[in-house]
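J.: Structure of the sequence below:
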Amino acid sequence: MSKRIKKGIIASPGIKIGKAAVFHGNNVKIPKYNISDRNIDQEIERFNNALEKTRDEIYEIQIKISNDSFSDLAEIFSTHLMALEDPIFTEKAREKIKTEKRNAEWVINDISLNLISTFSKIEDDYLKERIIDISDINKRLIGHLQQKSNTNMSNIEKGSVIFASDLTPSETAVMNRKNVLAFVTDHGGKTSHTAIIARSMNIPAIVGMDDITSYVKNGDMVIVDAVHGEIIINPTQEEIEEYSKYENDIIEIENELEKLNTLPSQTIDNVEISIYGNIEIPEEMGVIKSHGAQGIGLLRSEFLFLGKKLPDEESQFKQYSSVAQFFESLPVTIRTIDVGGDKIEGFTKLHKEQNPFLGCRSIRFSLKNPEIFITQLKAILRASVNNNINVMFPMISTIDELLEAKSHLYDVMKELDVSGIPYNKKLKIGMMVEVPSAVVSADIFADHVDFFSVGTNDLVQYVLAVDRVNEKVADLYNPVDISVLRYLKMIADIAKKKNKPVSICGEMAGEPKYTMLLLGLGYRQLSMSSKYMYQIKSIIRSVTTRECEEFANRLLMMASASEIEHELVTFMSDKFPDLILS
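T.: Next comes the predicted model:
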């Protein structure tokens with residue numbers, strides 16, 4: 001009898017049927033002992049050798065995935081190399097060995113556990129998922145200290161579905177793609193490096209399934225339904241036949257939709273709709289561009305602030321420039337840092353807040369820490385010499401915040417002028433619309449920005465007063481609640497009246513079932529992950545703006561969120577039965 005488990009997070013969509021290969025990783029045992037004075041130098045030398053071997057190993061992984069035509073992914077492991085070369089880490093380890101007279105494994109593990117403890121207290125999913133990177137480095141260092149080789153995932157048998165508690169980025173990167181059909185993990189989220197690599201390599205993946213590895217055994221036949229986030233263990237023959245057909249149907253649909261890649265994104269009545277990409281880290285550039293994105297509507301800059309020390313101007317400049325140059329003449333919109341002090345090394349203890357969502361975060365944090373903000377603005381301005389970069393300020397709630405942020409930007413421009421450093425003097429300045437006050441005062445804000453970008457994830461949260469990560473009230477979080485739809489309509493109308501471009505860059509933009517609604521509300525720019533770009537372009541090319549407006553107006557006449565949701569899903573499913581509607 002088959003067992004069906006549905007509780008995972010879809011990291012990379014698709015359906016695969018194969019045999020389970022349960023991977024338990026490398027069990028690292030930490031020896032703990034004190035060393036004598038005469039052995040201190042020898043222990044430090046042992047640490048140095050392990051450090052060098054780990055660097056060499058990660059460098060080899062970079063070369064391998066670069067040679068496998070995934071050069072954009074190789075940069076992920078640059079962060080690992082940077083961590084290994086960080087004097088704060090290496091000198092701290094050597095100092096502890098010397099002063100505390102403890103063995104290298106014990107010291108390294110303690111440093112790693114302290115970092116993991118710090119990151120585990122962070123509410124932000126993206127930052128929390130950096131724990132797996134720390135764990136990856138820790139395992140490799142200790143493995144080399146103990147002269148143990150890591151389990152080789154490149155030798156997986158053909159037709160395997162990998163099951164693991166978690167997968168480190170290096171384990172995922174060296175998988176033999178020809179043999180691995182999909183992978184499923186107990187832990188992880190949409191923004192983990194593992195999920196990003198899975199999407200880039202086009203391997204279906206479901207993560208965050210809690211304890212899936214306790215349900216499945218090596219050799220079990222499994223169905224991975226990474227469309228609905230479901231696993232079927234030892235399926236019946238009928239289920240295998242059903243999902244085989246479903247898998248083939250999806251492949252046929254995607255192959256057909258891929259033909260749209262080079263066709264214009266416009267409606268039947270020739271209204272152009274721009275499709276941009278959202279990226280968490282630069283390694284996602286390749287997959288976004290290959291799906292036909294017309295640029296980047298949201299480059300989240302938070303990835304630069306995850307280390308043990310703040311990024312300097314030069315490191316930020318290089319990262320922003322690499323994205324701008326990759327997209328050539330296509331626009332790249334960089335959002336300034338959108339986290340709070342509780343997420344940034346050196347500020348954690350100073351920024352403990354009872355309600356961080358309403359506290360000192362995003363633009364508020366930047367304005368209260370101008371040295372961090374100014375460094376980032378300098379890097380963005382220097383990178384803007386490529387002439388395709390825009391800058392965007394997050395979570396603006398008052399006109400004073402916007403004017404202060406712009407004042408810092410103008411001051412940096414003057415400084416660069418004095419120094420003779422080039423930048424784009426026509427840089428476009430935008431703001432995120434994420435809080436009710438920004439919607440109500442959008443007509444005032446419009447006089448001070450070049451464009452708006454609506455962050456629906458936060459806007460829904462603040463309009464409905466719902467903490468979207470709180471399971472007790474998660475059912476109240478609904479992007480088609482009538483109050484949210486009215487706010488979205490209000491923003492679009494004001495932007496049109498003020499002749500300001502406005503885009504949607506929240507999750508709504510990337511879900512096909514909302515495409516007609518958003519077009520009908522007046523949005524002509526959608527920014528999203530690559531997941532459903534083809535489907536959304538297909539919908540755009542199959543409708544007129546008039547029928548979208550009629551559809552949106554019909555929904556705006558309804559009062560109940562459940563009624564709106566039912567009408568929306570029913571209508572879109574009937575109109576586009578062959579598309580995967582999330």
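J.: C-alpha only now, for contacts and for neighbours.
T.: Will do.
J.: hang on, residue 289 is in a strand, isn't it?
T.: No: in this structure, residue 289 is helix, not part of a strand, as judged by DSSP: H, G, I helix; E, B strand; the rest coil.
J.: tell me the pLDDT at it?
T.: Reading off the per-residue confidence, residue 289 sits at a pLDDT of 90.
J.: cool, and residue 180?
T.: 89.
J.: Residue 138 now?
T.: What the model reports for residue 138 is a pLDDT of 75.
J.: pLDDT averaged over the longest helix along the chain - what is it?
T.: Among the elements of the chain assigned as helix by DSSP state H, the one spanning the most residues is helix 40-67. Within the predicted structure, the mean pLDDT of helix 40-67 is 79.
J.: helices or strands up against it?
T.: In this structure, helix 40-67 packs against helix 71-74, helix 76-85, helix 87-100, helix 104-120, helix 131-145, helix 169-173, with contacts taken as 3 or more C-alpha pairs under 8 Å, 6 or more residues apart in numbering; DSSP states H and E.
J.: Can you report how many residues lie near residue 56?
T.: When counting by other C-alpha atoms under 10 Å, one arrives at 13 neighbours for residue 56.
J.: picking that back up, could you tell me the angle between the longest helix of the chain and helix 87-100?
T.: With axes from the mean of the first three to the mean of the last three C-alpha atoms, to 10 degrees as the basis, helix 40-67 and helix 87-100 are set at 150 degrees to each other.
J.: what about helix 40-67, distance to the chain center?
T.: A distance of 28 Å separates the C-alpha centroid of helix 40-67 from that of its chain, computed with C-alpha atoms, centre = their mean, to the nearest Å.
J.: Check stretch 106-115 too.
T.: Taking C-alpha atoms, centre = their mean, one finds stretch 106-115 lying 27 Å from the centre of the chain it belongs to.
J.: Return the member of the helices and strands packed on helix 40-67 having the minimum mean pLDDT.
T.: helix 71-74 (a mean of 49).
J.: does residue 11 sit in a helix, a strand or a coil?
T.: Under the three-state scheme (three-state DSSP), the conformation of residue 11 reads as strand.
J.: And the pLDDT at it?
T.: According to the per-residue confidence, residue 11 scores 82 in pLDDT.
J.: Same check on residue 515?
T.: You'll see residue 515 listed with a pLDDT of 97.
J.: Now that it has come up, it's in contact with residue 537, right?
T.: No: the pair residue 515 and residue 537 fails to qualify as a contact (C-alpha atoms under 8 Å) at a distance of 9.3 Å.
J.: any idea which helix or strand of this structure has the worst average confidence?
T.: For the chain, counting by mean pLDDT, DSSP states H and E, helix 71-74 ranks last in confidence among helices and strands (a mean of 49).
J.: Can you list the buried residues in the longest strand seen in the chain?
T.: Identified as the longest strand of the chain according to DSSP state E is strand 15-23. Neighbour-count burial for strand 15-23 flags 15-23 (criterion: 16 or more other C-alpha atoms under 10 Å).
J.: Would you list the strands that it pairs with, along with their directions?
T.: Here strand 15-23 has these sheet partners by DSSP bridges: strand 160-164 (parallel), strand 221-225 (antiparallel).
J.: Domain boundaries for the protein, per the record?
T.: When the chain is parsed with automatic domain parsing, its domains come out as 3-25+151-236, 37-145, 268-575.
J.: hey, least reliable of the ones you listed by pLDDT?
T.: domain 37-145 (a mean of 74).
J.: doesn't residue 453 fall inside a strand?
T.: Yes: with three-state DSSP as the criterion, residue 453 is assigned to a strand.
J.: That one reaches residue 502, doesn't it?
T.: Yes: here residue 453 lies in contact with residue 502, judged by C-alpha under 8 Å, at a distance of 5.5 Å.
J.: one step back: can you say which of the strands paired with strand 15-23 is nearest to residue 373?
T.: With C-alpha to C-alpha, the closest approach to residue 373 among the strands paired with strand 15-23 belongs to strand 160-164: 39.9 Å.
J.: how far does that closest one sit from the chain's center?
T.: In this view, strand 160-164 has its centroid 23 Å away from the chain centroid, taken as C-alpha atoms, centre = their mean.
J.: buried set for it?
T.: Buried residues in strand 160-164, counted by 16+ other C-alpha under 10 Å: 160-164.
J.: What of stretch 91-102?
T.: Neighbour counts over stretch 91-102 (16+ other C-alpha under 10 Å) mark 93-94, 96-98, 101-102 as buried.
J.: Closest to residue 245 out of these?
T.: The shortest separation between residue 245 and any of the buried residues of stretch 91-102 is 55.2 Å, and it belongs to residue 93 (by C-alpha to C-alpha).
J.: what's the spacing between the closest one and residue 311?
T.: Residue 93 sits 22 Å away from residue 311, taking C-alpha to C-alpha, to the nearest Å as the criterion.
J.: Kindly report the same for residue 472.
T.: The separation that residue 472 has from residue 311, given C-alpha to C-alpha, amounts to 37 Å.
J.: quick one: which of those two has more around it?
T.: For residue 472 and residue 311, the more surrounded residue by other C-alpha under 10 Å is residue 311, and the numbers stand at 16 against 10.
J.: Cool, thanks, talk later.
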